[in-house]
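**Student:** Pasting the sequence and the predicted coordinates here, then a few questions.
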Protein chains: 2
Amino acid sequence: MQVRQRLENLSSALTATERKLCTALLLDYPYAGLDTIQDLAKKTSTSPPSISRFVTKLGFQGYQDFQRHLIEEIRQSNRSPLDLHVGDRTIQGDFLEDFVSRAVSLISASASATTSAQFERVCALLGDEKRNVYLIGGRISDAIALYVSRHLRQVRSGVFHLPADPEIWPEYLLRMRPKDVLFLVDFRRYQRNLSELARRAKEESGLQIVVLTDKWMSPTANHANEVFATPIESGTVWDSYAGAMVLMEAMLTRIAETNWDKTRKRIEAWDSLRFDHGARDDDQ
Amino acid sequence: MQVRQRLENLSSALTATERKLCTALLLDYPYAGLDTIQDLAKKTSTSPPSISRFVTKLGFQGYQDFQRHLIEEIRQSNRSPLDLHVGDRTIQGDFLEDFVSRAVSLISASASATTSAQFERVCALLGDEKRNVYLIGGRISDAIALYVSRHLRQVRSGVFHLPADPEIWPEYLLRMRPKDVLFLVDFRRYQRNLSELARRAKEESGLQIVVLTDKWMSPTANHANEVFATPIESGTVWDSYAGAMVLMEAMLTRIAETNWDKTRKRIEAWDSLRFDHGARDDDQ
DNA sequence: TTGACTATGAAAAAATAATATCAAAGCTTA
DNA sequence: TAAGCTTTGATATTATTTTTTCATAGTCAA
């Protein structure tokens, strides 16, 4: 029987340490198990005895026997590297596997819903340090806005994540200049106050507006210069923002790579200033 | 350099015994070299010292070093499509498309690094309304924690997203009870104050700790009852949290579907209470 | 044929790795 | 809260593996 399967079979009867080991073994399967018992213990912050007991529990004679099995598995599956992956699949509970395949199609779809010209335009816009960037999202989608703003701040200055409270927005509205960019994330159930914000920002300062939304198009999109529309229907009770997330990661990567020299210096400077006890800075 | 290549390079300068070894190694490459030195000696009718000398001659530190190299070669040759990208920084062809294919492999990998039993356990834990849930993440990964907490709050009560400022944490620490759950998101560059938080929370209230991290395992994981380890290497300048994100979405979906009746009622009640001008509530 | 050299493996030594033991810590249950 | 059970890693022990040492056998040139 595959080691992998034994892990799965036993996984309900594992102790905390054993679960840690199980996780580590699966994450870099099957190579993690080819380390010496000491190295593996160190990497997983457990101890050799625990590992020894664990593999016994899995039904092997000992650690070396366990390793021989792993090697044998590799050898067997070598004929087609795909075997390993196919093996992976069957082990997963249906739910996760199923969910992942849906997410994968969403992601592919959201990439193809974006033209590379548009993608490049937005990257250039957000990467342009002469423009301030203001970001905000809806109740849930603000997590994406936060993710983008935290990354963007590592690349450039002039990034402002608007607070949730609309009372404070005017303060930002007053600061916006025509060259600036307002980046809105708004998925369905759209929030009226966001499109209100977009309208007023456009009216008062005429800045560029970029909206990340779904195919039903948030009303915010009416005021937008650029719209990323990503599919979000996962066929489950929640919408999935995975497509949007990957699109944003692609965008952030593009921006950072385009200005890599500057980015690198900025991150280095940033690191040297980090409070090492790790107080996280607030997005103002 | 590949072991194979080293063998070929040296093949003209080999003694009789060494040629025998060379043949045996190539005949069942690379697995023959994964035997113990004694077994290999027996199979090739040579002796351990000869083999030891031979691998030294090939340029390795010793037999174990030689084996490590072989394992690394196998690992390389079984690389997933994702890994193949690593290294070539400059993405040619369509940037987006390429990025997406990397993300897809990350997502599949993070699903296969999680056993369904573990997945179910964590879902049950976070879905259990008798337990309060506290969430927080690192500087960037807090976006994920935020995403999870916003969703979770639609499903159940007793969800608290900790603020970034550690000064305020004690207030939450005092509230934590043994049955509660602390959900931490911490990807590399780990933040010391998060593991400090985990340690103190564990010490003072003995609650359950669930950690979402990467394969290098945040120090936070030492205090954890459950660890989700997801791959994050995108082969670009930033790590990608897409795998983690999808895993979280799967989890949230699972939780919502399990308690669907309650969830539906909760969302309906929530909607009727919404300030329609859409002031977003703060995660306290 | 001899002597100088190399190649080789048996045996011993060393290094390394794995497991058993045990005390302490953690968890459960009454 | 205490007693009893389980889990855990430090330490000690044992087992295994690898390398060194060294004597012998083989090879080649003179």
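**Tutor:** The structure has been received and is ready for your questions. Numbering: from 1, shown residues only, chains lettered A, B, ... in the order given.

**Student:** buried set for stretch A:167-184?
**Tutor:** A:169, A:172-173, A:176, A:180-184 (16 or more other Cβ atoms under 10 Å in any protein chain shown). Where C-beta positions appear, they are placed from N, C-alpha and C, glycine not excepted.

**Student:** Residues contacting that stretch, please?
**Tutor:** Contact partners of stretch A:167-184, identified using Cβ atoms under 8 Å, 6 or more residues apart in numbering or on different chains, comprise A:125-126, A:130-137, A:145, A:148, A:160, A:162, A:194, A:197-198, A:200-201, A:204-213, A:218, A:220, A:224.

**Student:** So which of the residues you listed belong to strands?
**Tutor:** A:133-137, A:160, A:208-213 (DSSP state E).

**Student:** Closest to B:Trp260 out of the buried residues of stretch A:167-184?
**Tutor:** The nearest member of these to B:Trp260, counting by Cβ to Cβ, is A:Leu184 at 31.0 Å.

**Student:** Just to be sure, A:Thr46 is in a helix?
**Tutor:** No. Assessed with DSSP: H, G, I helix; E, B strand; the rest coil, A:Thr46 is coil; it does not lie in a helix.

**Student:** just the buried residues of stretch A:167-184 now: which is nearest DNA strand D?
**Tutor:** The shortest approach to DNA strand D among these belongs to A:Phe183, at 45.2 Å (Cβ to the nearest atom of the strand).

**Student:** Can you classify that closest one by secondary structure?
**Tutor:** Per three-state DSSP, A:Phe183 ends up strand.

**Student:** Up against DNA strand C, what does chain A have?
**Tutor:** A:36-38, A:48-49, A:52, A:55, A:61-64, A:67 (Cβ under 7 Å from any atom of the strand).

**Student:** could you say which helix or strand contains A:Thr56?
**Tutor:** helix A:48-57 (DSSP states H and E).

**Student:** for chain A, what are the low-confidence residue spans?
**Tutor:** Scanning chain A for pLDDT under 70 picks out the ranges A:77-93, A:271, A:273-284.

**Student:** Flag every buried residue along the longest helix that it contains.
**Tutor:** Longest helix in chain A by number of residues (criterion: DSSP state H): helix A:94-112. Residues of helix A:94-112 classed as buried by neighbour count (16+ other Cβ under 10 Å): A:95-97, A:99-100, A:102-104, A:106-111.

**Student:** can you list contacts of it?
**Tutor:** With Cβ under 8 Å, 6+ apart, helix A:94-112 has contacts from A:89, A:230-236, A:240, A:242-244, A:246-247, A:250, B:96-97, B:99-100, B:103-104, B:107-108, B:111, B:114, B:116, B:119, B:242, B:246-247, B:249-250, B:253-254.

**Student:** Can you turn the buried part of those into a PyMOL selection?
**Tutor:** Buried residues within these, by 16+ other Cβ under 10 Å, are selected in PyMOL with:
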select buried, (chain A and resi 230+231+232+234+236+240+242+243+244+246+247+250) or (chain B and resi 96+99+100+103+104+107+108+111+114+116+119+242+246+247+249+250+253+254)
